[in-house]
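1. I need the structure of the sequence given here:
(chains A and B)
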Number of protein chains: 2
Amino acid sequence: MRLIEKANKEALQRMLEAEPVLSDIVPAGEVISGLKGRRILHAGPPIGWERMCGPMQGAVAGAIVFEGWAADLDAAFKLAAEGGVEFHPNHHFDAVGPMTGMITASMPVFVVENRRFGNRAYCTVNEGLGKVMRFGGNDESVLNRLAWLRDVFGPELAKAIRARDGIELKSIVARGLSMGDELHQRNVACSSIFLREIAPSLARTCGDTDRLADSLAFIAGNDQFFLNVAMAMGKAIMDPVRGIRGSTIVTAMCRNGTEFGIRTSGTEDRWFTAPVEMPEGLYFPGFSEADANPDMGDSTIVETIGLGGFAMAASPAVAGFVGAGSPSSAASFTRSMGEITAGQNPEWTIPALDFAGVPTGIDVRLVVESGLAPTINTGIAHREPGVGQVGAGVVKAPIACFEKAVLAIAEELEVA
Amino acid sequence: MRLIEKANKEALQRMLEAEPVLSDIVPAGEVISGLKGRRILHAGPPIGWERMCGPMQGAVAGAIVFEGWAADLDAAFKLAAEGGVEFHPNHHFDAVGPMTGMITASMPVFVVENRRFGNRAYCTVNEGLGKVMRFGGNDESVLNRLAWLRDVFGPELAKAIRARDGIELKSIVARGLSMGDELHQRNVACSSIFLREIAPSLARTCGDTDRLADSLAFIAGNDQFFLNVAMAMGKAIMDPVRGIRGSTIVTAMCRNGTEFGIRTSGTEDRWFTAPVEMPEGLYFPGFSEADANPDMGDSTIVETIGLGGFAMAASPAVAGFVGAGSPSSAASFTRSMGEITAGQNPEWTIPALDFAGVPTGIDVRLVVESGLAPTINTGIAHREPGVGQVGAGVVKAPIACFEKAVLAIAEELEVA
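-> Predicted coordinates:
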């Protein structure tokens, strides 16, 4: 038991000591060395084509056309079904992606360095609302936007970020928490702060008026722009926490739309999975639960570092948006997550809780003992390919994942 | 009594129907027709040179040098003391200014149109932190910044605003309130949103990289940038509320550093004044109450429209900044201000209060009956000219102003 406590203390310390810095944005193939041939990275634990949900299959087909491996969507579906592409989880390649989480070689990815530990993590650029690949969209408008991100936005933003020697992220998150963001379903403050940080650099490094104005307008037009930066940050913070013998701290939570998977520090690269749950939430006009796909995406990495549902108290406005009850009761979610975490983050505080730190470091033992599943704020995708987002809600991580993890750690320590 | 209720209902309705739009930024002399010759507009009710506090005298001297009416500060002090310049309150010229509130002809001012009622109001550009004229600063750095605002920033921002047919302000405030701003001592969200709104236009209308990058950096570097826009908005909202016979609603609250003055709708242009109070707050390192100037500025126009101290519940973080108690108790200020106001603003809501509207329309009768003075969040200036801001705090409007106003309205109605 003393071993576990010591291991978890070390895990929490590594999380709090992280120094995540947005250092670049580059085509994924240039930084993820394994991303070659006809490989597609996806959200969640490992999954093959047959078991993929509708929106993920739709996104895969779009990604295949985007990379030029098939001429159209029909050919792309055929190629995928015949085993013509190889699938891997983002998490196996230092990466994360929201919802379907597609990453292919030519897509630009944010590079977040953890300067304390020297590791890097990657995430694609948030595409905005409406028809987008992360929600299973794959039509011409989706692919054209991705092409613009690849050809214009990525290269221009890269020049601006490099001119600044990177952008320190922890302080942006700290400010965002004091401005009503919880960093999962609400990133309006951090997205705005990011624009403030980058706009003057972008103006200096971009030589073309249209490219500059379009790039500024793209960031300014997307309240969720910062989510993908926060996700890469989360991955960069958690990766150095892996492999502490005996530690019961969760290092990753993610969903592929079919299964929910977690990893713990002490069990390194093993996945503990269970069928993923349906979010409970609010639907956009014209949609209902009948349209909803089960929970999906690597974005739960933000809950893993104490944000999202764990930081609900910072964001009374989001409680209404995700249908989690009255805004004034948002604090109860954060207090509840305090019962399954190893500590608080003194750098990420919540003004409305008199600057208490966000609950940090999910301990699988506490989840199992208390029966309190991690609360996740999430977007809801349509279950069919090509439709897009239909709502937002709250979902619980399946307890079964945590029970399996506890058993595995217990076995491992017993054997030793 | 029925007359007063009806008049106040009309007053509140005019406040809520306002449609404030930032439509331009131009040299003050071009839009304020009375601003000619050696005239200087200042914050608060009318005051002459002799009774002006230290920082206001310092600012006046700086403004004189800035306009070229004297060669240096010594000559400027002499000129002012000898009656060589004419002083008028901003409020007499459709204008407002923070702290010392200096407006002279060549300073650029925001133009906010109330499109529902056709009136316009003006406020200078927020200079940022440190040594600034609004806190009594008057050295070369202060005057150089004002020259840059006049020669570069004002003209560039004007092009961007005109290209957009104005910027609608109520929705920016609504978003700011859901992001922790109370719009007086905390404007970080609205300043960020403003930058998001204007950056793409600025990129398109500004032909020069340095001027563009410097202008973006100036907005991005000042969390209080939006305060002055909000003040012009407040003035534009309240001016059409003047002159409703029998109305006991406050149309202006302001301070010149010596006296606090209010106006009510029913008594039109009369000022009801009382000695201004000292703020209670927190001081920057190296300063204390002994350094503080009494309360100053036209910025209390934001409390007049339900923001600032009245919207404290939206901004737990500011409660700590101004020394108003624990952040979690911020809501008590807003609830208390609900007892002296005519209604709530359904467009400006506070998530943490389950989206209750900000308390709106200060009724002088309720202030006198309840003994609850309007709560104002304010910056604190050093009492000597040229030093600058030394802290931030909360100050109460003197009850005597409200007692005088109640008596005046009673007399007027009795006589009639």
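2. Need the contact partners of stretch A:313-327.
-> Applying CB atoms under 8 Å, 6 or more residues apart in numbering or on different chains, the contact partners of stretch A:313-327 are A:177-178, A:180-182, A:185-186, A:280-282, A:312, A:328-331, A:333-335, A:350-353, A:358, A:377-378, A:392-394, B:178, B:351-352, B:354-355. In this view, the C-beta of every residue, glycine as well, is placed from N, C-alpha and C.
3. mind listing what the residue nearest the centre of chain A touches?
-> By CA atoms, centre = their mean, chain A has its centre lying nearest to residue A:299, at 2.3 Å. Neighbouring residues of residue A:299 by CB under 8 Å, 6+ apart: A:96, A:98, A:99, A:184, A:227, A:231, A:308, A:378.
4. Could you report the distance from it to residue B:132?
-> The spacing between residue A:299 and residue B:132, counted by CB to CB, to the nearest Å, is 42 Å.
5. SS state for the nearest residue to residue A:72 once chain neighbours are set aside?
-> Distances taken as CB to CB, 6 or more residues apart in numbering or on different chains put residue A:65 closest to residue A:72, at 6.5 Å, once the chain neighbours are dropped. Classification of residue A:65 by DSSP: H, G, I helix; E, B strand; the rest coil places it in helix.
6. wouldn't residue A:65 be in contact with residue A:76 here?
-> Yes - with contact defined as CB atoms under 8 Å, residue A:65 and residue A:76 form a contacting pair (5.2 Å).
7. Please identify which of the two sits among more neighbours.
-> Comparing residue A:65 with residue A:76 by other CB atoms under 10 Å in any protein chain shown, the one with more neighbours is residue A:76, at 25 against 21.
8. Contact partners for that one?
-> Counted by CB under 8 Å, 6+ apart, residue A:76 has contacts A:60, A:61, A:62, A:64, A:65, A:69, A:70.
9. hmm, back to that, can you tell me which of the contacts of residue A:299 end up in helices?
-> Those of these mapping onto helices are A:227, A:231, per DSSP state H.
10. what's the spacing between residue A:358 and chain B?
-> Using CB to the nearest CB, to the nearest Å, one obtains 15 Å as the distance from residue A:358 to chain B.
11. Checking my notes, that residue in a strand, right?
-> Yes - counting by three-state DSSP, residue A:358 is located in a strand.
12. pLDDT at the residue nearest to it when sequence neighbours are not counted, what is it?
-> Ranked by CB to CB, 6+ apart and with sequence neighbours excluded, the top spatial neighbour of residue A:358 is residue A:306, at 3.8 Å. Model confidence at residue A:306, given as pLDDT, is 98.
13. quick revisit: can I get the contacts of residue A:76 in JSON lines with secondary structure, pLDDT and distance to residue B:372?
-> Listed next are the contacts of residue A:76 as JSON lines, based on DSSP: H, G, I helix; E, B strand; the rest coil; pLDDT from 0 to 100; distance: CB to CB, whole Å:
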{"residue": "A:60", "secondary structure": "helix", "pLDDT": "98", "distance to residue B:372": "63"}
{"residue": "A:61", "secondary structure": "helix", "pLDDT": "97", "distance to residue B:372": "64"}
{"residue": "A:62", "secondary structure": "helix", "pLDDT": "97", "distance to residue B:372": "60"}
{"residue": "A:64", "secondary structure": "helix", "pLDDT": "98", "distance to residue B:372": "67"}
{"residue": "A:65", "secondary structure": "helix", "pLDDT": "98", "distance to residue B:372": "66"}
{"residue": "A:69", "secondary structure": "coil", "pLDDT": "98", "distance to residue B:372": "70"}
{"residue": "A:70", "secondary structure": "coil", "pLDDT": "98", "distance to residue B:372": "71"}
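14. So how do I select the buried members of those residues in PyMOL?
-> Here is the PyMOL command that selects only those of the contacts of residue A:76 that count as buried (16 or more other CB atoms under 10 Å in any protein chain shown):
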select buried, chain A and resi 60+61+62+64+65+69+70
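15. from the contacts of residue A:76, which is closest to residue B:248?
-> Using CB to CB, residue A:62 is the member of the contacts of residue A:76 that lies nearest residue B:248, at 63.4 Å.
16. where's that closest one relative to residue B:42, distance?
-> 62 Å.
17. ends of stretch A:48-57, how far apart?
-> One end of stretch A:48-57 sits 10 Å from the other (CA to CA, to the nearest Å).
18. Quick one, grab the pLDDT at residue A:325.
-> 82.
19. does it sit in a helix, a strand or a coil?
-> Residue A:325, by the three-state scheme (three-state DSSP), is coil.
20. dump the residue contacts of the closest residue to residue A:175 other than its chain neighbours.
-> Nearest non-adjacent residue to residue A:175, counting by CB to CB, 6+ apart: residue A:193, 5.7 Å away. Contacts for residue A:193 (CB under 8 Å, 6+ apart) come out as A:172, A:175, A:176, A:179, A:226, B:192.
21. Many thanks, we can stop here.
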